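**Student:** Quick one, fold the following:
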Amino acid sequence: MVDSLIRSIAFSSVVAVVDNFPVLAGVNLEVEKGEVILVQGPNGAGKTSLLRTCAGLIPIVSGRAVVLGYDLTLHRGGVRSVVGMLGHRCFLYDELTVEENLAFFMRSFKVPISKADEHLERFALVGRLRSTPVSKLSEGQRRKLQIAMVFARSPGVLLLDEPYASLDTGSRALLDQMIKKVTETGTTVLLVSHSDDAIADRKVYVAGGQVVSHVA
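**Tutor:** Reported below is the predicted structural model:
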């Protein structure tokens, strides 16, 4: 059940475990509605695990975690309907076209299919590209389709794991514009990136499964 919201994300001493290994080891993090947080840290520090925990994909064994009013220790599955996550490898059907993949995704999440053209045009997935099987796309084109799919849901929290990977300069700038636009309506964004010039209101540094510093 969704409570009235003060913060989009509130983690207090959160420990999360995968295969008996603590991927989060006491995370404390509070994120306001409409904030863009850049998450950085070394490989294996827990950055992706933090995003996956916010998405309800990793169980919490202790501490308290609330995302958009959902207590993840009690309603981990429920939060998945209100967050959108872009991972390193978002699932696409190679045999389906760009347009068919987006349409299938939108129907799965009950997003009005009438807005499909808008999302395809935003990332220049038009003309011959829209009828091209995903198996024939470049890595950059696949990434743009994945981003279009995540944004199509209009989630309350966007969890973006290395979203700039394989994007050209123009597409990176467009993604920044899209992030800025959705935050103006209250969407919160957690963004993992090694790029120091990634759009952000503040940075958090993760190491050893903990948030060890905040930089405004």
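**Student:** give me every residue that touches the residue positioned nearest the centre of the chain.
**Tutor:** Central residue of the chain (Cα atoms, centre = their mean): L159, 1.9 Å from the mean position. Contact partners of L159, counting by Cβ atoms under 8 Å, 6 or more residues apart in numbering, are 51-52, 54-55, 83-86, 190. Heads up, the C-betas are built off the backbone N, CA and C, glycines and all.
**Student:** ok, now P133?
**Tutor:** Listed by Cβ under 8 Å, 6+ apart, the contact set of P133 reads 94-97.
**Student:** hmm, 6 Å instead?
**Tutor:** T97 (Cβ atoms under 6 Å, 6 or more residues apart in numbering).
**Student:** Show me what it bridges to in the sheet.
**Tutor:** T97 (DSSP bridges).
**Student:** G140 belongs to a helix?
**Tutor:** Yes - when DSSP: H, G, I helix; E, B strand; the rest coil is applied, G140 is found to be in a helix.
**Student:** Can you verify my assumption that it contacts S166?
**Tutor:** Yes - when contacts are counted by Cβ atoms under 6 Å, G140 is listed as touching S166 (4.5 Å).
**Student:** ok, D161 touching G87?
**Tutor:** Yes - D161 lies in contact with G87 (Cβ under 6 Å); the separation is 5.2 Å.
**Student:** hang on, the earlier thing: so the residue nearest to the centre of the chain is in which element?
**Tutor:** strand 157-161 (DSSP states H and E).
**Student:** That strand pairs with which strands, parallel or anti?
**Tutor:** strand 83-86 (parallel), strand 188-192 (parallel).
**Student:** Would you map the helices across this protein?
**Tutor:** 47-54, 98-108, 116-122, 139-152, 169-183 (DSSP state H).
**Student:** Most tightly packed of those helices?
**Tutor:** Comparing these by mean neighbour count (mean count of other Cβ atoms under 10 Å), helix 47-54 ranks first with a mean of 24.
**Student:** Check the offset of that one from the chain's centre.
**Tutor:** Centre-to-centre, helix 47-54 and its host chain are 9 Å apart (Cα atoms, centre = their mean, to the nearest Å).
**Student:** and the angle from that helix to strand 157-161?
**Tutor:** 150 degrees (axes from the mean of the first three to the mean of the last three Cα atoms, to 10 degrees).
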